[in-house]
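Peer 1: Give me the fold of what follows.
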Amino acid sequence: MDKRTFHILKRTLTSAVVRALLQPMKLLQLKKNRVLFSSYLEKQYSCNPRYISEALEGLYPGKLELVWAFREPEKFAFLKERGIKTVKARSLKMAYYALSSQVICTNSYFKPSLPRRKRQFYLYTWHGGGAYKQVGRFVQMPLIEKIQTRMREGGASLYLSSSKAFTRLTLRESFGYRGEVLEEGMPRNDLLLHPDPALKMEVRKRLGLKDDTHLCLYAPTYRKDTKVHEQGLEYEKVLDALSRRFGGKWVMGYRSHHVTMYKDNARLNEGALCLTDYPDMQELLLISDALITDYSSAIWDAAVGGKRAFLYAPDLSAYQSERDFYTDIHTWPFPLAESMDEMTNNILNFDEDKYAKAVKKHLSDLGCCESGRAAYLSARRIGLVTGVEKEK
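Peer 2: Numbers count the residues shown, from 1 in each chain. Just a heads-up that it's a prediction; the model follows:
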């Protein structure tokens with residue numbers, strides 16, 4: 001048994017034991033107006049849960065008890081000023097709130113150590129749009145990891161979906177989910193579909209970007225083999241190509257995946273703004289003039305928001321053998337490079353009109369469901385479940 005499998009086995013057994021010990025807490029009375037949120041494994045106030053939470057604040061002020069779980073709740077004290085409670089993840093207090101909330105909303109799997117209650121409403125938003133990297137049943141993993149994944153997936157009452165392809169390939173085929181799906185898009189993408197000029201100015205000011213400076217965001221996805229990140233972009237070459245092709249001054253911003261967290265990697269941050277700790281990825285996409293990633297579903301967000309997006313995938317063959325994609329990556333509309341020479345050539349030869357037409361077709365082929373009202377509609381659904389919204 002390798003080290004990773006042993007670690008997964010240990011976590012799965014621990015979760016099963018804790019889940020069994022917490023079973024008596026299922027006798028707690030559900031609080032009808034209580035809603036518990038978590039984002040990216042309780043690390044952030046971000047993504048779809050954030051925008052649903054804020055929509056609830058606006059729609060039903062003072063009518064709901066909103067609770068957020070964080071690993072480091074002291075970092076999110078500003079929420080208390082808005083009347084939102086924060087609890088420490090992996091604590092007995094979180095277990096209490098999780099097992100007494102009428103609604104639980106998360107952008108990933110929910111904690112396998114917590115029992116599921118039939119009368120609770122679990123809103124799973126997921127954290128990626130489109131249908132790119134294979135997940136769930138399509139991914140090769142040891143049996144014990146599959147068991148842990150099933151424990152995490154359990155209980156979903158409603159999934160949000162960004163596209164018909166996501167519903168079919170990810171939810172139905174990969175997760176085996178047969179329940180209700182709300183095909184109205186991702187709440188976090190409402191921001192990109194209805195950009196706020198004032199917010200753009202505010203975010204740029206926070207990052208210290210001058211008016212004449214363009215931001216290129218580099219955001220690679222999660223890897224089991226982290227060595228590939230040492231083959232990162234040569235920022236100077238990329239920035240030079242961007243300036244030559246699109247004009248103006250460009251800076252690079254690097255954002256790590258929330259699991260791998262390479263914020264301390266000197267190689268990746270040298271010559272770039274370190275944006276790994278920035279609270280919300282969507283705000284970075286909002287102000288970006290170009291995105292470079294490899295296989296991250298951030299390309300879906302970029303496409304929906306009308307952003308230029310490039311793929312830099314020096315480990316493409318290895319990644320495909322490990323995980324692969326739902327559709328051939330070469331058919332995606334985003335220029336693909338496996339080397340730095342290809343990367344700079346793709347930028348220098350970028351055709352705006354051709355790209356826009358290809359992206360439009362891509363979104364249509366995947367059955368894009370982004371409505372720009374996903375946060376509002378999700379909040380309305382929670383309102384109905386909790387009883388603060390009445391059926392019309």
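Peer 1: I'd like the next helix or strand past the helix ranked longest in the chain.
Peer 2: Scanning the chain for the helix with the most residues, using DSSP state H, yields helix 3-21. Per DSSP states H and E, the first helix or strand lying C-terminal to helix 3-21 is strand 31-38.
Peer 1: just the CA coordinates of the helix or strand just after that next one, formatted as PDB?
Peer 2: From strand 31-38 onward toward the C-terminus, using DSSP H and E, the following helix or strand is helix 47-59. Provided in PDB are the C-alpha atoms of helix 47-59 (Å, rounded to 0.1, in the frame of the first residue of the first chain):
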ATOM      1  CA  CYS A  47     -17.400  30.900  -5.400                       C
ATOM      2  CA  ASN A  48     -21.100  30.000  -5.800                       C
ATOM      3  CA  PRO A  49     -21.900  29.800  -2.100                       C
ATOM      4  CA  ARG A  50     -20.700  33.400  -1.600                       C
ATOM      5  CA  TYR A  51     -23.000  34.800  -4.300                       C
ATOM      6  CA  ILE A  52     -26.000  32.800  -3.100                       C
ATOM      7  CA  SER A  53     -25.400  33.900   0.400                       C
ATOM      8  CA  GLU A  54     -25.200  37.500  -0.700                       C
ATOM      9  CA  ALA A  55     -28.400  37.100  -2.800                       C
ATOM     10  CA  LEU A  56     -30.100  35.800   0.400                       C
ATOM     11  CA  GLU A  57     -29.000  38.800   2.300                       C
ATOM     12  CA  GLY A  58     -30.500  41.100  -0.300                       C
ATOM     13  CA  LEU A  59     -33.800  39.200  -0.800                       C
END
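Peer 1: Met186 is in contact with Ala374, isn't it?
Peer 2: Yes: at 5.8 Å, Met186 counts as touching Ala374 under the criterion of C-beta atoms under 8 Å. The way it works is simple: take the backbone N, C-alpha and C, and place the C-beta from them, glycine included.
Peer 1: Looking at these two, which one has more neighbours?
Peer 2: Using other C-beta atoms under 10 Å as the criterion, Met186 and Ala374 rank with Met186 on top: 34 against 28.
Peer 1: since we're on Lys80, how many residues are nearby?
Peer 2: By other C-beta under 10 Å, 11 other residues sit near Lys80.
Peer 1: quick one: common contacting residues for Met186 and Ala374?
Peer 2: Common contacts of Met186 and Ala374 (C-beta atoms under 8 Å, 6 or more residues apart in numbering): Asn48, Leu160.
Peer 1: can you pull the contacts of Lys88?
Peer 2: Contacts of Lys88 by C-beta under 8 Å, 6+ apart are Ala69, Phe70, Arg71, Pro73, Met94.
Peer 1: And the buried ones among those residues, selectable in ChimeraX?
Peer 2: A single ChimeraX command selects the buried members of these (16 or more other C-beta atoms under 10 Å):
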select :69,70,73,94
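Peer 1: The contacts of Lys88 in helices, which ones?
Peer 2: Judged by DSSP H, the subset of the contacts of Lys88 located in helices is Met94.
Peer 1: Pro314: which of the contacts of Lys88 is nearest?
Peer 2: In terms of C-beta to C-beta, no member of the contacts of Lys88 lies closer to Pro314 than Arg71, at 32.2 Å.
Peer 1: any idea how far Ala298 is from that closest one?
Peer 2: 23 Å (C-beta to C-beta, to the nearest Å).
Peer 1: For the stretch 251-392 of the chain, which segments count as helices?
Peer 2: Taking DSSP state H, counting those that start in this stretch to define them, one finds helices in the stretch 251-392 of the chain at 266-269, 281-287, 298-304, 316-322, 340-348, 352-365, 374-386.
Peer 1: now for those, which one comes closest to Gly208?
Peer 2: Closest among those, using C-beta to C-beta: helix 281-287, at 12.0 Å.
Peer 1: Run through who's touching that closest one.
Peer 2: Contacts of helix 281-287 (C-beta under 8 Å, 6+ apart): 46-47, 188-189, 191-192, 195, 199-200, 203-204, 207, 209, 215, 217, 219, 253, 255, 275, 278, 291, 298, 301-302, 305, 307.
Peer 1: Kindly report the same for stretch 308-321.
Peer 2: With C-beta under 8 Å, 6+ apart as the test, stretch 308-321 has contacts from 220, 223, 225, 228, 231, 233, 289-295, 299, 302-303, 329, 332, 334-339, 343, 346-347, 350, 355.
Peer 1: Counting only strands, which of those make the cut?
Peer 2: Secondary structure assignment by DSSP state E places Ala290, Leu291, Ile292, Thr293, Leu336, Ala337 of those in strands.
Peer 1: Switch those over to a markdown table; also include distance to Leu21 and pLDDT.
Peer 2: Compiled in a markdown table, the ones in strands among the contacts of stretch 308-321 are given as follows (distance: C-beta to C-beta, whole Å; pLDDT from 0 to 100):
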| residue | distance to Leu21 | pLDDT |
| --- | --- | --- |
| Ala290 | 50 | 98 |
| Leu291 | 45 | 98 |
| Ile292 | 46 | 97 |
| Thr293 | 41 | 95 |
| Leu336 | 49 | 98 |
| Ala337 | 51 | 97 |
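Peer 1: Right, I'll leave it there.
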